[in-house]
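K.L.:
Provided below for reference: sequence and predicted model.
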Amino acid sequence: MEANRRENDVTVVRPPARLDAGAAPAFKAFAEPLVGEGESSVVVDFSGVDFVDSGGLGCLIGLVRKARAGGGDMIMAAPSERVRSIFRLTRFHRVVEIFDDVNAAAEALGREASGGVAL
Amino acid sequence: MKIMELVFRATFENARMGTMLTAGIFDLYYAPDETGNTPTADMELAVGEACVNAVRHAGGGQGENPVVVRMRLGAAAFEVTVMDRNPPFDFDNVPEPDFDALPESGYGIHIMKETADRVRYLRKNGWNLVTLTRFMGISSIETDSRKTGPPGTDSMERRPAGIESTETMPSGTDSMRTRLSVQIP
């Protein structure tokens, strides 16, 4: 897990390769301070993630809620087809923006500033 | 027919190991299709959800209760049964998640039903048995009619439901079957 701050105060977070029920608590503890910083703008970079289960998804939902509650947003970038499929199965793709790559996601989030729809 | 069994204590770490081992066995046993995917690829997700459910209801991942993952690998179908000794539950009437409310939990059974061709629950001799079946030659994204089993003469369709067929099998004496049991410490 790691996080980098980019231009426009966009933070890019990289989850572990396997974001499952066992890994979710540690990722949540790692990412929560980043999405709780006021109008936070966070991109989750899935380019290194090959598996997400319902535990990982629940963690992501909690983080998106927290970001939006603070006036910010958290969006998804570069998920594999396998990860996209669980987003579709659980309708997660309807409530978050998903971009093909991190740069596009960061640019969009930077432009939106404090954008995002409260859940 | 090969039968393999994994036994582990109910922790999330072991659930992950059990799920990954199961997926690895799928990959060894079933050839990939022209796109490079094995017919079992999305079953890893279903098996993982069943294992995590078993661990979660055993006391949040701290319990000593055993979880057993039993695989029956055949040419026409493969079946995975995840067994635990947790209290029984009304598997078939667990409601679908309220997707509009975007809850943080409650997706596990929904995911199992969406990714396996058939999901069955039995309570037997103090064990919960969740059996996930993939029928070979049926895409996981075909219509929901597959949930009731495929048409035709698939041998899996003719036998009794769920784990019963596995439990009545002879152990080690049938030359047509290979049995392997692994205990994760």
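P.N.:
Sure thing, it's come through.
K.L.:
since we're on residue B:24, how many residues are nearby?
P.N.:
For residue B:24, the neighbour count with other CB atoms under 10 Å in any protein chain shown is 11. Just so you know, the C-beta spots here come from the backbone N, C-alpha and C atoms, and that holds for glycine as well.
K.L.:
can you confirm it is in a helix?
P.N.:
Yes - counting by DSSP: H, G, I helix; E, B strand; the rest coil, residue B:24 is located in a helix.
K.L.:
need the contact list for it.
P.N.:
Residue B:24 makes no contacts at all, as judged by CB atoms under 8 Å, 6 or more residues apart in numbering or on different chains.
K.L.:
tell me the confidence at residue B:177?
P.N.:
What the model reports for residue B:177 is a pLDDT of 52.
K.L.:
now residue A:23
P.N.:
Looking at residue A:23, its pLDDT is 95.
K.L.:
which SSE is the most centrally placed residue in chain A in?
P.N.:
By CA atoms, centre = their mean, the mean C-alpha position of chain A lies nearest to residue A:44, the distance being 3.6 Å. Per DSSP states H and E: residue A:44 is located in strand A:41-45.
K.L.:
strands paired with that strand, and their directions?
P.N.:
Strand A:41-45 pairs in its sheet with strand A:10-14 (parallel), strand A:73-77 (parallel), by DSSP bridges.
K.L.:
thinking again about what came up before, tell me what the residue nearest to the centre of chain A is bridged to.
P.N.:
When assigned by DSSP bridges, residue A:44 has beta-bridge partners residue A:13, residue A:76.
K.L.:
that one is in contact with residue A:75, isn't it?
P.N.:
Yes - if you go by CB atoms under 8 Å, residue A:44 and residue A:75 touch, sitting 7.3 Å apart.
K.L.:
returning to what we had before: helix or strand next in line after the strand holding residue A:44, which one?
P.N.:
In the C-terminal direction, the helix or strand that comes right after strand A:41-45 (DSSP H and E) is strand A:51-52.
K.L.:
who does the helix or strand that that following strand is followed by touch, helix- and strand-wise?
P.N.:
As assigned by DSSP H and E, the chain's next helix or strand after strand A:51-52 is helix A:54-69. Applying 3 or more CB pairs under 8 Å, 6 or more residues apart in numbering or on different chains; DSSP states H and E, one finds that helix A:54-69 contacts strand A:18-19, helix A:24-35, strand A:41-45, strand A:73-77, helix B:43-56.
K.L.:
now distance to residue B:76 too, for these, in a markdown table please.
P.N.:
Listed next are those as a markdown table, based on distance: least, CB to CB, whole Å:
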| stretch | distance to residue B:76 |
| --- | --- |
| strand A:18-19 | 31 |
| helix A:24-35 | 36 |
| strand A:41-45 | 40 |
| strand A:73-77 | 38 |
| helix B:43-56 | 15 |
